[in-house]
Structure formats: structure tokens, C-alpha cells
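Trainee: Need a 3D model of the sequence below.
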Amino acid sequence: MGDLYDIARQITDEVLGEGTYAELNRSHPDPRVRAAVERAEKGSITCPRCLMTSYNPNDIREGYCGNCHDWTRGSD
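Mentor: Below you'll find the predicted structure:
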């Protein structure tokens with residue numbers, strides 16, 4: 001979803017002005033749209049092995065895939 005969100009945000013902001021897309025969707029009547037915007041703004045991590053996406057801040061910070069129960073990046 002991140003890529004589609006970024007494209008839609010870029011197009012809307014270019015046409016209507018910076019920040020317009022997020023503002024329009026933060027006030028959207030459908031709570032699913034508001035939740036999707038919030039998740040996209042907070043970021044996500046996608047496992048390169050199983051392609052599962054997590055929006056959990058701990059998973060993002062640690063690079064952990066809860067589906068595979070493994071790390072998504074090599075050791076530092």
C-alpha cells in the first residue's frame with residue numbers, strides 16, 4: 001500500500017497543494033481509510049522472504065518478521 005499511497009499523495013499534493021491528500025483522508029468518513037492513512041504515514045516493513053507487511057513500530061525498528069519469526073535484514 002505504501003507505493004500507491006505515495007503516488008496518490010504526490011499527485012493530489014501537486015494539484016491541490018502540499019499536505020492536501022493526507023488532510024482529506026484524515027477526515028474521511030470511512031474509518032478504514034483513516035486507519036490506512038495513519039499506517040502509511042507511520043511506515044511499514046515488508047519481509048523479503050514471505051512478503052508479509054507489518055506496521056508494528058517494534059517490527060520496523062528491529063527488522064523482524066512476525067510471520068516467519070525471523071529477522072528481515074542481516075546482522076550489523
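Trainee: Domain parsing of the protein, as residue ranges.
Mentor: Using automatic domain parsing, the domains assigned to the chain come out as 1-42, 44-76.
Trainee: rank those by pLDDT, which is bottom?
Mentor: Among these, domain 1-42 carries the lowest mean pLDDT, a mean of 69.
Trainee: Surely S44 touches T53?
Mentor: Yes - under the contact definition of CB atoms under 8 Å, S44 touches T53, with a separation of 5.2 Å. For glycine as for every other residue, the C-beta is placed from the backbone atoms N, C-alpha and C.
Trainee: can I get the CA coordinates of stretch 42-57 in CSV?
Mentor: The C-alpha coordinates for stretch 42-57 follow below in CSV (Å, rounded to 0.1, in the frame of the first residue of the first chain):
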residue,chain,number,x,y,z
LYS,A,42,3.9,5.7,10.3
GLY,A,43,5.8,3.4,7.9
SER,A,44,5.9,-0.3,7.4
ILE,A,45,8.3,-3.2,6.8
THR,A,46,7.9,-5.9,4.3
CYS,A,47,9.6,-9.3,4.7
PRO,A,48,11.7,-10.1,1.7
ARG,A,49,11.0,-13.8,2.2
CYS,A,50,7.2,-14.1,2.8
LEU,A,51,6.2,-10.6,1.6
MET,A,52,4.1,-10.0,4.7
THR,A,53,3.9,-6.4,5.7
SER,A,54,4.0,-5.2,9.3
TYR,A,55,3.1,-1.7,10.6
ASN,A,56,4.2,-2.6,14.2
PRO,A,57,6.8,0.1,15.3
